[in-house]
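Structural data only, the sequence is not supplied:
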């Protein structure tokens, strides 16, 4: 095959390979994009570091498109169900000075009168190897939880990268 004929074939092969490349997943500590889900919904957490602060952004969507939770990098979120506003959330992060673990504090305000407002704090722990993130609830409405009494969720890392991180931080 001549060089002029092989070049287009090579370009197509490179483009095809580039389109099928998976996002890089390595141990970057807390930063990256993390996901968990089941047959009904998917929950995605993005964590970025800017200066000495971590920014936290959460999304949750049901596959039937009825539930949608969307958050900005400022930590403010809206939950909608069938297009109707159901709740707001405000997240803030800090690094615990003793354990050096990332703590995520949240105020959840339900918009329906029969649902209570909730304040909780979760402790995030990255497993060795950096591909699983655990979230343990350590406080809910002033009540502390320890050990097996904590609710816990795990997220798998889907990418080292985080999309749309602002160049400044909000607080």
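Everything's here; your move. Here the structure is a predicted model, which means the values were calculated and not measured.

residue ranges for the helices of this structure, please.
3-19 (DSSP state H).

give me the beta-bridge partners of residue 108?
residue 89, residue 118 (DSSP bridges).

For it, give me the pLDDT.
Confidence at residue 108, expressed as pLDDT, is 96.

Now do the contacts for it.
87-89, 117-120 (C-beta atoms under 8 Å, 6 or more residues apart in numbering). Quick note: C-beta positions are derived from backbone N, CA and C, even for glycine.

pLDDT value on the residue most central in space within the chain, please?
What sits nearest the mean C-alpha location of the chain, by C-alpha atoms, centre = their mean, is residue 45, with 0.5 Å. At residue 45, the model reports a pLDDT of 97.

Can you verify my assumption that it contacts residue 34?
Yes - here residue 45 lies in contact with residue 34, judged by C-beta atoms under 8 Å, at a distance of 4.6 Å.

Mutual contacts of those two, please.
133, 155.

remind me which residues of the chain are low pLDDT?
Low-confidence segments of the chain (pLDDT under 70): 1-22, 168-171.

Look up the closest residue to residue 23, ignoring the ones flanking it.
residue 159 (3.6 Å; C-beta to C-beta, 6 or more residues apart in numbering).

cool, and residue 144?
Residue 144 sits nearest to residue 138 (C-beta to C-beta, 6+ apart), 6.6 Å away.

what's near enough to touch that neighbour?
103, 121-123, 144-146, 150.

Now render those as TSV, adding distance to residue 59 and neighbour count.
Formatted as TSV, the contacts of residue 138 follow (distance: C-beta to C-beta, whole Å; neighbours: other C-beta atoms under 10 Å):
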residue	distance to residue 59	neighbour count
103	20	17
121	21	18
122	16	24
123	21	19
144	29	11
145	25	17
146	29	8
150	23	17
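
What ranges does this structure have for its strands?
For the chain, the strands defined by DSSP state E cover 32-37, 41-50, 53-62, 67-71, 76-81, 84-95, 102-110, 118-126, 132-140, 143-144, 152-159.

out of these, nearest to residue 165?
strand 41-50 (4.2 Å; C-beta to C-beta).

what is the orientation angle of the closest one with strand 32-37?
With axes from the mean of the first three to the mean of the last three C-alpha atoms, to 10 degrees defining the directions, strand 41-50 sits at 170 degrees from strand 32-37.
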